[in-house]
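Got a predicted structure plus its sequence, pasted below:
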Amino acid sequence: MESNNDEPRRLDGRTVSGLQQALREQAIRAMNRGGRSHHGRGGGRHRGRPPGLRGREIGMFYRQRAMEREQQEELESFVLLQPEIIVKVQKMLSEYDSASTSTFRSEFENYFKSIRSTSFEQNMKEKLLESCVEQDDRLDEKMMIEYDEMMDNLKFQENMITREKLPVNTKKEEILNAIASNQVVLISGDTGCGKTTQVPQYVLDSYLSSGKASLCKIFCTQPRRISAITVAERVAWERAQHLGESVGYQIRLQSVLPHERGSITYCTTGILLKRLESDPLLNGISHIFLDEVHERDVNTDVVMGLLKEIISHRPDLKVILMSATFNTSTFSAYFNNCTNIEVQGTLFPVTEFYLEDVLEETKFANFPEEVQRKRPKWEKYRNKYKQSDSLDDYTSFIEPYARSVQDKYSKFVIEGIKNPNSEKINVDLLTALIFHISFNKPAGAILVFLPGYEAISKLHTSITNSKFYSAEKFKVYALHSMMPTADQKSVFSRPPENVRKVIISTNIAETSITIDDVVYVINSGKSKMTNYNPETKLQTLEEVWTTLANNKQRRGRAGRVQPGICYHLFTRAREFTMDALPTPEILRTRLESVILNLKMLRIHDVAQFLRKLVSVPDDSVVQTSIALLKRLNALDEREFITPLGLHLARLPIDPQIGKMILLAALFKCVDPITSVAANLSFKDPFYRPLGKEKLVDDIRVKFSKDTKSDHLMAANVITEYREEKRKGNERSFCYDNFLSISTLNQLEKMKGQFTDLLMEARFLESSDPTDPKNNYNSSNLDLLRSIISAGLYPNVAKVRRVKICKRRVDPRMDIITPEDGRVSFHPSSINSKQTGFEYKFFAYFMKQKSTAIYLFDTTMINPRALLIFGDGEGAGFDQLGNHFILLGDSFRFRTNRVSAEVILKLREKFDELLQKKAINPGPVDPESEDALLLGAITEVLNAGRFSGHPDYSSDEGNVM
DNA sequence: GGGGACGATC
């Protein structure tokens, strides 16, 4: 056994010194400590102490040293390869060394070089020569006849009566003239004005009737998949046609395309963006409508930036921006002060009330007097100054307003709004208001906007537990993206007479879900926002005040069928402090995918391009994202896209996950890893119905089997779903396990898309994810976990020690990442429920700070995989002769010389292999030298697998 | 011990 050469216990991390210091300093400090081993610590305690310290200083010194040691321990580990493995792998590597290297596959080389050497501008000029849409007289004639037939259709004529009543119809000629005489036009109008369904039809019909339909091809982008479909269906219906005639849609993995010319295609913004990669001039397209530009999602902002450049090369291309009626000058200004045509909406008037009115009406005065301290004691003291500060702020902000309205409201109302707790979400007040409306106001559904799951859950409980509640008189729905109600039709159905429908929702009901019979809206004034902090490099989820734009949108939800009422649960004074608009998404997010996509468009100076967008992201975020892309080898040192980066950019997926499925192709474990990738890039298939949270968590643990992996748990779910579907049993399987059939089906489709693309790029021989040829290693659990970690790298966390609380891991304890210090398993991660781990290392994809820094999805990782697939400044030995390997710039592994050599050689050779495969894509031939290398890697991973044998496994990571 | 909402050619 190797323990004869390097006895693990004596290589305990405690004898080595400061990790983030220079190596020299480390060595000197270690020497000062006399190189004592763990066992010798009890002996000469004073020997490492500098002379001249007295009294308290001695205590301070030891305390400091204990802290240093603890920090080192957190980041330091131990790895040793067994001698027989070393011999075997060294032999394999020496054979591999003699193998020849590969060269560019020629057609890929040309493509790659054209992307690196041409600019966006040049590329457009080249494409212009190829593209020229000719008018087709015969087609025009045919379409004109069809158009006449449509006009004669009774159904069409009947629909036209309704269409002509839409407000946008009053501006029809003005709009058509503006589009005819301008390249860019902005049309702004509020919900219900008909711009989305009508304006593209006005344009199409003007071409049809003038016999030039072959020159008209309209694309209209939508931010959401669902709206692309429903709008297309509606427009086809209005024209008394089926989808696929003059109207169609295209979203990811699903489309009904209309006729090639003389047609309207509703698509998601993402589809247009992807198309631009190979078709930057939008060949054959005559009109681009960008709808809902006011929502300011990343894709729309980027497309606007690109269109601004494209239009000068395509003078015949018309761009029509469509927006809600706020903030329109921003878009008009962005496009050289383009014409803005404003259209009135058709919503019914909505009366607004504010907190002070609600208190008066409900007689609610029951706000908690004390400042509630939910935080632990220590935090209270730490924030003491801050707390009182914000209290003073509140007082000085509310006092003048309270004085100005004191004659209009009862004294208890004025006292109420002066209480800072009146600004917190108050379930009692919400419940009182809901029953007040229910028993005193005319019929109509009540829609409550709350920030998130917790508040929805509390209010739901409060309502249904109330003495005023009865199941016969109320129908209460909770609406959240993770709840099944969001996918069901029942929430749209009108309740029987005398039954009050109450919908408690997140902002999913602001844009994505529209419920027509809502008459009363209750706006809590709060919503949740993800944000990205460039300094801490952390994504956060914060509860924030809504903006005036949100308030307007929420209010509008009450006026769809009749005049409505909106109750804002904040004062008019608070409204005065609210922002006009939400922060555009591009300022709140990381930019890896955006940057890689721009590189594909041959936009090399990404930072310069981003500076020309409507909102300019922080340069430090751009730089952080570029740095990660370099670390993934997607960009080279000069920030040019690499062959690997090009493959990653072509996949519709985050670059890290793209790398994961590329590795899965090389290592032949495609089915489980594409499941992991689909799950990470789309959404979790589990529903979380109210009150079933624990049940769902238990089911997740059940599906995880013994993998210690949320990712492989998801893969297991897909495998079992497929099996149940084969048996015709999928409905009950999904019902019993709180799974969404539609999400699972989409995940399956996405897997197919990944394998299609991998095959197209020649990394696979079969495009069936389940083909045995793609899955020789799919049952090698340790390999699967390694591939996951290789993709997710450098997202690595380490468990320091496990605390058990009520027979479960306490998820708040003792997990660290080098960048953030202490983090936690999110309670929904199956690893927050495990009681023992064989390895200390975990890979994760999503990290988000809310009440703590949570890792949402985690896989326990064999540290050998990290060392082979990770990066770092290499290895060496300190002055005590202790060998080490670095992982990244912080994790450090003690080892011996031969182990270090073998591991680093594998790392180097694997990097080479990946680059080689990127320039000459192809499956790994089992007879080739590449297979030998992959075999050697698998050998090392397998030999490091936890075997229950304490001699080496304990120091590599066993923590229980 | 807890999850605002979206999205990805041919």
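It's in. Numbering: from 1, shown residues only, chains lettered A, B, ... in the order given.

give me the residue from the stretch 451-600 of chain A nearest DNA strand B.
For the stretch 451-600 of chain A, the residue closest to DNA strand B is A:Gly452, as judged by Cβ to the nearest atom of the strand, at 2.4 Å. Any C-beta I mention is one placed from the backbone N, CA and C, and that applies to glycine too.

gap between the top helix by length along chain A and the chain center?
Ranked by number of residues, the top helix in chain A under DSSP state H is helix A:897-919. Here helix A:897-919 is found 32 Å from its chain centre; the criterion is Cα atoms, centre = their mean, to the nearest Å.

Does that helix pack against any helices or strands, and if so which?
In terms of contact count using 3 or more Cβ pairs under 8 Å, 6 or more residues apart in numbering; DSSP states H and E, helix A:897-919 is assigned the packing partners helix A:83-97, helix A:106-117, helix A:643-650, helix A:655-666, helix A:863-869, strand A:875-877, strand A:883-887, helix A:929-943.

Would you confirm that the residue of the stretch 451-600 of chain A closest to DNA strand B contacts A:Glu543?
Yes. Using Cβ atoms under 8 Å, A:Gly452 is in contact with A:Glu543, at 7.4 Å.

Show me whatever sits in contact with both of the two.
Residues touching both A:Gly452 and A:Glu543 by Cβ atoms under 8 Å, 6 or more residues apart in numbering: A:Lys528.

which helices and strands does the helix or strand hosting A:Ile264 pack with?
Assigned by DSSP states H and E, A:Ile264 belongs to strand A:263-268. When contacts are defined as 3+ Cβ pairs under 8 Å, 6+ apart, strand A:263-268 sits against helix A:195-209, strand A:217-222, helix A:225-238, strand A:247-251.

And the next helix or strand past the last one?
Following the chain from strand A:247-251 toward its C-terminal end, the next helix or strand by DSSP H and E is strand A:254-256.

ok, back up a step: tell me the contacts of the residue of the stretch 451-600 of chain A closest to DNA strand B?
So A:Gly452 contacts A:His480, A:Thr506, A:Lys528, A:Glu543 (Cβ under 8 Å, 6+ apart).

So what's the residue count around the first one?
The reference is to A:His480. A:His480 has 22 neighbours, counted by other Cβ atoms under 10 Å.

ok, it to A:Asp487 distance?
For A:His480, the distance to A:Asp487 equals 11 Å [Cβ to Cβ, to the nearest Å].

nearest residue to the most centrally placed residue in chain A other than its sequence neighbours?
The centroid of chain A falls nearest to A:Ser681 when counting by Cα atoms, centre = their mean (7.2 Å). Among residues not flanking A:Ser681 along the chain, A:Ile653 sits closest, at 4.8 Å (Cβ to Cβ, 6 or more residues apart in numbering).

one step back: turn the helices and strands packed on strand A:263-268 into a markdown table, including mean neighbour count.
As requested, the helices and strands packed on strand A:263-268 are exported to a markdown table (neighbours: other Cβ atoms under 10 Å):
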| stretch | mean neighbour count |
| --- | --- |
| helix A:195-209 | 22 |
| strand A:217-222 | 24 |
| helix A:225-238 | 19 |
| strand A:247-251 | 24 |
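
Quick one: the strands in the stretch 451-600 of chain A, in order.
Using DSSP state E, counting those that start in this stretch, the strands assigned to the stretch 451-600 of chain A run over residues A:474-479, A:500-505, A:518-523, A:526-533, A:538-545, A:564-568.

if we can go back for a sec, doesn't A:Gln656 make contact with the residue nearest to the centre of chain A?
No. With contact defined as Cβ under 8 Å, A:Ser681 does not count as touching A:Gln656 (10.1 Å).

coming back round to it: okay, the contacts of A:Gly452 in JSON lines with distance to A:Ala236 and pLDDT next?
JSON lines is the format used below for these (distance: Cβ to Cβ, whole Å; pLDDT from 0 to 100):
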{"residue": "A:His480", "distance to A:Ala236": "32", "pLDDT": "95"}
{"residue": "A:Thr506", "distance to A:Ala236": "31", "pLDDT": "96"}
{"residue": "A:Lys528", "distance to A:Ala236": "37", "pLDDT": "95"}
{"residue": "A:Glu543", "distance to A:Ala236": "41", "pLDDT": "95"}
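
Restricted to buried residues, select those in ChimeraX.
Here is the ChimeraX command that selects only those of these that count as buried (16 or more other Cβ atoms under 10 Å):
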select /A:480,506,528
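
Check the residue nearest to the centre of chain A and give its pLDDT.
Here the pLDDT value assigned to A:Ser681 is 94.

Spit out the contact partners of it.
Contacts for A:Ser681 were tallied using Cβ under 8 Å, 6+ apart; they are A:Pro652, A:Ile653, A:Asp654, A:Ile657, A:Met750.

does A:His259 count as helix, strand or coil?
The local conformation at A:His259, judged by DSSP: H, G, I helix; E, B strand; the rest coil, is coil.

Need phi/psi at it.
phi -50, psi 150 (degrees, to the nearest 10).

what sits up against stretch A:687-706?
In contact with stretch A:687-706 (Cβ under 8 Å, 6+ apart) are residues A:453, A:456-457, A:460, A:478, A:480, A:482-484, A:686, A:710, A:712-713, A:716-717, A:720, A:737-740, A:827-828, A:830, A:833.

Buried ones among those?
Buried among the contacts of stretch A:687-706 (16+ other Cβ under 10 Å): A:453, A:456-457, A:460, A:478, A:480, A:482-484, A:686, A:710, A:712-713, A:716-717, A:737-740, A:828, A:830, A:833.

Remind me which helix or strand the nearest residue to A:Val79 once chain neighbours are set aside belongs to.
Spatial nearest neighbour of A:Val79, chain neighbours left out: A:Phe893 (4.6 Å); criterion: Cβ to Cβ, 6+ apart. Assigned by DSSP H and E, A:Phe893 falls within strand A:891-895.

Relative to that strand, what are the paired strands and their orientations?
Partner strands for strand A:891-895, per DSSP bridges, with pairing direction: strand A:76-78 (parallel), strand A:883-887 (antiparallel).

That strand relative to helix A:897-919, how many degrees between them?
130 degrees (axes from the mean of the first three to the mean of the last three Cα atoms, to 10 degrees).

Report how many residues lie close to the closest residue to A:Arg296 other than its chain neighbours.
Distances taken as Cβ to Cβ, 6+ apart put A:Pro584 closest to A:Arg296, at 3.8 Å, once the chain neighbours are dropped. A count of nearby residues for A:Pro584, using other Cβ under 10 Å, gives 20.

May I have the phi/psi pair for A:Pro584?
Dihedral angles (degrees, to the nearest 10) for A:Pro584: phi -60, psi 140.

how far away is it from A:Arg163?
33 Å.

could you pull out the helices for the stretch 551-700 of chain A?
A:572-577, A:592-600, A:606-610, A:619-631, A:643-650, A:655-666, A:670-681, A:693-704 (DSSP state H, counting those that start in this stretch).

which of the ones you listed sits most buried?
helix A:670-681 (a mean of 27; mean count of other Cβ atoms under 10 Å).

starting at the chain centroid, how far to it?
15 Å.

export it as PDB, just CAs?
What follows is helix A:670-681, C-alpha atoms only, in PDB (Å, rounded to 0.1, in the frame of the first residue of the first chain):
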ATOM      1  CA  VAL A 670     -24.600  11.500 -23.500                       C
ATOM      2  CA  ASP A 671     -28.100  10.500 -22.100                       C
ATOM      3  CA  PRO A 672     -27.600  11.400 -18.500                       C
ATOM      4  CA  ILE A 673     -25.500  14.500 -19.200                       C
ATOM      5  CA  THR A 674     -27.800  16.000 -21.800                       C
ATOM      6  CA  SER A 675     -30.600  15.500 -19.200                       C
ATOM      7  CA  VAL A 676     -28.500  17.500 -16.700                       C
ATOM      8  CA  ALA A 677     -27.800  20.200 -19.300                       C
ATOM      9  CA  ALA A 678     -31.400  20.500 -20.300                       C
ATOM     10  CA  ASN A 679     -32.500  20.700 -16.700                       C
ATOM     11  CA  LEU A 680     -30.000  23.400 -15.900                       C
ATOM     12  CA  SER A 681     -30.800  25.500 -18.900                       C
END
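
quick one: is it near DNA strand B?
Yes. Using Cβ under 7 Å from any atom of the strand, helix A:670-681 reaches DNA strand B at A:Ser681.

Good, we can wrap up now.
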